[in-house]
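>>> sequence first, then the predicted structure:
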Amino acid sequence: MKVSLKAEMRNIDKLTAEKYGLPALVLMENAGHRTAEAVDRLLAGVAARNVCVLAGSGNNGGDALAAARHLHNMGAKLKVFLAGEMAHFSPATAAMHKALNAMGVEMHVLESDRDWDRLHFALKFTEGIVDGILGTGFEGELRKKTLRLIEEVNSAGKLVLSIDIPSGVEADTGRVPSVAVQAAATLSLGLPKVGQLLSPGAEFTGQLLVDDIGIPGELLQDAAIKQALLDDAMAAGLLPPRSRAAHKGSCGRILVVAGSHGMTGAAALAASSALRAGAGIVTLAVPQSVHDILETKLTEVMTVPLAETKEGILGGEEALGQLLSLAESYDAVLIGPGLGRAAETLELVRLFAARVSKPLILDADAIYAFSRQPDDLSRLPQVPVLTPHLGEMAGLLGVTVPELRESLLPIVREAAAEYQCVFVVKSECTLVAYPDGDAFFTTKGNAGMATAGSGDVLAGTIAGLMKQTESGLAPLLGVYLHGLAGDLAAEAKGEALIASDIREHLPAARMKLREMQYKQ
Ligand SMILES: NC(=O)C1=CN([C@@H]2O[C@H](COP(=O)(O)OP(=O)(O)OC[C@H]3O[C@@H](n4cnc5c(N)ncnc54)[C@H](O)[C@@H]3O)[C@@H](O)[C@H]2O)[C@H](O)CC1
Ligand SMILES: [K+]
């Protein structure tokens, strides 16, 4: 499913009216009806239940007023509070207000202290709240009155359904400049919005529901919308069947270059995850002095010792030669997990990346190797896949983590285009961005996956998939399987996961994805 920015949604609105002749009121009516149905589900029936509807003066407020009419028809005991000036209503919102007024529903404009007291008590005794204060039109800092209203909603601690986006969350970034409504669920109209997926907006969104409000389907699938959600339906199309005639060579020969003193675990996790992701053959190339440790640790993964400096650090001409000739026999190379940041090692990474012609995945310290010279990435002979966490991405680009978080999508997208890389930026909502501007979000995964080694498992998973699907799609499939494996691991083990739990659930995640394919 595509994910929209607010300008894109505005354009869809415009085209719905201009090209298809559907007036704004039609979509608003559908939005209101869908909202009332969602509230009915959330409260397990609204008949004879107390419900407060909060409406701003924009179209989000109009959706709320339309919902109020339906909730009234469904038998809810309604109280409606208007946060904005009626004089500022859009024509569609004014029409919804007029209809509701004619039905005799209790409505109050929040003006005097008495109105605010009324609101306070209504929120105390209500069972559910509909948040139609602000939608995608919100910008800047909250005005005082709106801020007060949102604080009242949050301190009431009731079940809230937000229409389109929790009020106070920026639709394009997920930023919350002041405060935002804490929703139990958000009903996104037509398409999900970027701000519901990225932090902190995602935390205010609660359960994300997306519903159809009658927008013509082709507008929602427009190729000009270049963000999408990496959902089950999309992931199911990414994993080709494994042929009965498959042999280990046909499922991918993967070279992993990783590990150093004290960080052999990262190397072991990455290499074994590539196998668990279904690769046929995985070889782990490690500095000579840790080779025996890894040979003992690993059974199915083959190991190769690499030349070191006198100080036991990976680097130098001999190691470069070894790596370049080894790479010739493999379908893809992952370099970086646990390599360390010695100058010689970082130099080796840069020289190797500049000369190897195989699909390349750079993780961890191999990303750090380019942090003072990200321009070099655009001169590599391949389009590499980089798998940084937010800190590594910020370091690579020379920005701070808060700066990166604030504008995550545009910054990562621009970097992918400028440095001609595929970026897999790991966070609560992993973002995959391609050089042509395509970007994908995932909501799979859970907080238990924030554990040492989780990134090594992801890098290994992506590497392991490079030959099993189109190599350009392996990052997407890898991110999805890694997230799903984490969710399955959490179901089996609980919240505190360790990285090998995720790895061990990769085969079950694959199987689940296969089941989804059969259902489609
Ligand atoms: N195709 C669709 O998706 C449809 C969406 N609908 C709904 O319309 C809103 C967007 O409506 P819009 O009128 O553009 O904006 P809002 O209602 O979100 O907000 C405008 C409202 O907010 C006030 N405002 C703006 N910034 C601030 C601020 N910092 N502090 C306080 N108040 C602020 C502004 O003055 C206006 O009064 C979308 O989310 C959907 O819910 C359609 O109804 C159906 C089609
Ligand atoms: K809202």
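Thanks, I have the structure now. The structure presented is a predicted model; accordingly, all values stated were derived computationally and were not measured. Residues are numbered from 1 along each chain as shown. Ligands and ions are numbered 1, 2, ... in the order given.
>>> switch to C-alpha atoms for all contacts and neighbour counts from now on
OK.
>>> what helix or strand is residue 242 on?
Following DSSP states H and E, one finds residue 242 outside all helices and strands.
>>> now it: how far from residue 511?
Distance, residue 242 to residue 511, using CA to CA, to the nearest Å: 12 Å.
>>> again, but for residue 97
As judged by CA to CA, residue 97 and residue 511 stand 51 Å apart.
>>> if you count surrounding residues, which of the two has more?
More neighbours surround residue 97 than the other of residue 97 and residue 511, with 23 against 12 (other CA atoms under 10 Å).
>>> quick check: mean pLDDT across the helix or strand containing residue 79?
Using DSSP H and E, residue 79 maps to strand 77-82. The pLDDT scores in strand 77-82 average 97.
>>> flag every buried residue along whichever helix or strand comes after it.
Sequence order places helix 91-102 as the next helix or strand after strand 77-82, per DSSP H and E. Neighbour-count burial for helix 91-102, counted by 16 or more other CA atoms under 10 Å, picks out 92-97, 100.
>>> do the same with stretch 155-170
Residues of stretch 155-170 classed as buried: 156, 158-170 (neighbour count, 16+ other CA under 10 Å).
>>> show me those that map onto strands.
When DSSP state E is applied, those are split such that 159-163 fall in strands.
>>> ligand 1: which of those is nearest?
Closest approach to ligand 1 among these (CA to the nearest ligand atom): residue 163, at 5.9 Å.
>>> count the residues that sit near the residue nearest to residue 165 when sequence neighbours are not counted.
Counting by CA to CA, 6 or more residues apart in numbering, residue 135 is the residue found nearest to residue 165 once chain neighbours are left out, at 5.6 Å. Neighbours of residue 135 under the rule other CA under 10 Å: 26.
>>> how far away is residue 135 from residue 455?
Applying CA to CA, the value for residue 135 to residue 455 is 35 Å.
>>> for the closest residue in space to residue 228 that isn't next to it in sequence, list the residues it contacts.
Once flanking residues are discounted, residue 228 sits nearest to residue 2: 3.9 Å by CA to CA, 6+ apart. Residue 2 sits next to 191-192, 220-221, 225-229 when contact means CA atoms under 8 Å, 6 or more residues apart in numbering.
>>> before we move on, what about residue 159?
So residue 159 contacts 127-129, 183-184 (CA under 8 Å, 6+ apart).
>>> bridging residues for it?
Applying DSSP bridges to residue 159 gives these bridge partners: residue 128.
>>> helices of the stretch 401-520 of the chain, start to end?
Assigned by DSSP state H, counting those that start in this stretch, the helices in the stretch 401-520 of the chain fall at 401-406, 408-419, 454-465, 474-493, 499-504, 506-519.
>>> what does the stretch 251-400 of the chain give?
With DSSP H, counting those that start in this stretch, the ranges of helices along the stretch 251-400 of the chain come out as 264-276, 288-297, 317-327, 343-355, 365-368, 390-397.
>>> tell me the angle the second one makes with helix 264-276.
It refers to helix 288-297. Per axes from the mean of the first three to the mean of the last three CA atoms, to 10 degrees, the angle that helix 288-297 makes with helix 264-276 is 50 degrees.
>>> which positions in helix 288-297 come out as buried?
Within helix 288-297, the residues scored as buried using 16+ other CA under 10 Å are 288-291, 294-295.
>>> other SSEs contacting it?
Where contact means 3 or more CA pairs under 8 Å, 6 or more residues apart in numbering; DSSP states H and E, helix 288-297 is packed against helix 264-276, strand 302-306.
>>> residue in the stretch 301-450 of the chain nearest to ligand 1?
For the stretch 301-450 of the chain, CA to the nearest ligand atom, closest residue to ligand 1: residue 406, 17.2 Å.
>>> is it true that the residue nearest to residue 165 touches residue 180?
No. Using CA atoms under 8 Å, residue 135 makes no contact with residue 180, being 11.2 Å away.
>>> quick check: neighbours shared by the two?
Common contacts of residue 135 and residue 180 (CA under 8 Å, 6+ apart): 166-167.
>>> which residues touch residue 376?
370, 419.
>>> domain ranges for this protein?
Annotated domains of the chain cover 6-225, 234-519 [automatic domain parsing].
>>> run the chain-centre distance for the shortest one.
Using CA atoms, centre = their mean, to the nearest Å, the mean C-alpha position of domain 6-225 is found 23 Å from that of the whole chain.
>>> with the last one instead?
Between the centre of domain 234-519 and the centre of its chain there are 18 Å (CA atoms, centre = their mean).
>>> and the end-to-end length of that domain?
Length of domain 234-519, first residue to last, CA to CA: 13 Å.
>>> again, but for the first one
Start-to-end span of domain 6-225 (CA to CA) is 11 Å.
>>> anything in that domain near ligand 2?
Yes. Remark: domain 6-225 sits within contact range of ligand 2 at 131-132, 134-135, 162-163, 165-167, by CA under 5 Å from the ion.
>>> among the helices of the stretch 251-400 of the chain, which is the most enclosed?
helix 264-276 (a mean of 27; mean count of other CA atoms under 10 Å).
>>> thank you kindly, that will do.
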